Every structure is written in structure tokens, then in C-alpha cells.
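Undergrad: Dropping a prediction and its sequence here:
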Amino acid sequence: MKSSTQDETEGELHEVKGSIREIAGRVTKNRKLECKGKAEKTAGEVQEKVGQVKKVLEE
């Protein structure tokens, strides 16, 4: 698998995991878990964008 595709895939996975943590934190009123979820979601979005940029630069 190309590096760009791997970054995009892993980024999407982190976005989903972050969203789940964020929702779980809201439901349980655990602000720390909610914040960790938001951070992981944001990191996933960044990683996905890095993969997209790599893909453009490889062409």
C-alpha cells in the first residue's frame, strides 16, 4: 500500500475512533475523554489531509 493511501486510511480510522470517544465522553459527562476524542479526531483529519497531499505530489 502506498504511503499516501495508508495515511488517508489511518486518518479516517483515527477520526472514527475520536468521534466515538468524544460521544462516549459526552454521554458519561467525562470531559477528559471528550477532549481526548476531539484531539484524536483532529489528528485523524490532519493525517488524512497529509495523505491527500502526498497523493497529489506523487503524480
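TA: Noted; the coordinates are in hand. Numbering: from 1, shown residues only.
Undergrad: which residue packs closest to the one residue sitting closest to the centre of the chain, ignoring adjacent ones?
TA: With distances taken as C-alpha atoms, centre = their mean, G44 lies nearest the centre of the chain, 1.8 Å away. In space, and not counting its chain neighbours, G44 is closest to H14: 3.0 Å by C-beta to C-beta, 6 or more residues apart in numbering. All C-beta atoms are positioned from the backbone trio N, CA, C, and that covers glycine.
Undergrad: what comes up buried for the helix or strand where the residue nearest to the centre of the chain lies?
TA: Taking DSSP states H and E as the definition, one finds G44 inside helix 31-58. Buried positions in helix 31-58, judged by neighbour count with 16 or more other C-beta atoms under 10 Å: 33-34, 36-37, 40-41, 44, 47-48, 50-51, 54.
Undergrad: Now distance to A24 too, for those residues, in a markdown table please.
TA: Formatted as a markdown table, the buried residues of helix 31-58 follow (distance: C-beta to C-beta, whole Å):
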| residue | distance to A24 |
| --- | --- |
| L33 | 6 |
| E34 | 8 |
| K36 | 10 |
| G37 | 7 |
| E40 | 12 |
| K41 | 12 |
| G44 | 16 |
| Q47 | 21 |
| E48 | 22 |
| V50 | 27 |
| G51 | 26 |
| K54 | 32 |
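Undergrad: Pick the one among those closest to Q6.
TA: Distances from Q6 to those, taken as C-beta to C-beta, are shortest for G51 (7.2 Å).
Undergrad: Thought L13 was touching that closest one, still the case?
TA: No: checked against C-beta atoms under 8 Å, the pair G51 and L13 is beyond contact range at 11.7 Å.
Undergrad: mind listing what the residue nearest to G44 touches?
TA: By C-beta atoms under 8 Å, 6 or more residues apart in numbering, H14 lies in contact with 40-41, 43-44, 47.
Undergrad: Make a markdown table out of the residues you listed and add distance to I20 and pLDDT.
TA: Listed next are the contacts of H14 as a markdown table, based on distance: C-beta to C-beta, whole Å; pLDDT from 0 to 100:
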| residue | distance to I20 | pLDDT |
| --- | --- | --- |
| E40 | 9 | 96 |
| K41 | 9 | 96 |
| A43 | 14 | 95 |
| G44 | 12 | 94 |
| Q47 | 17 | 93 |
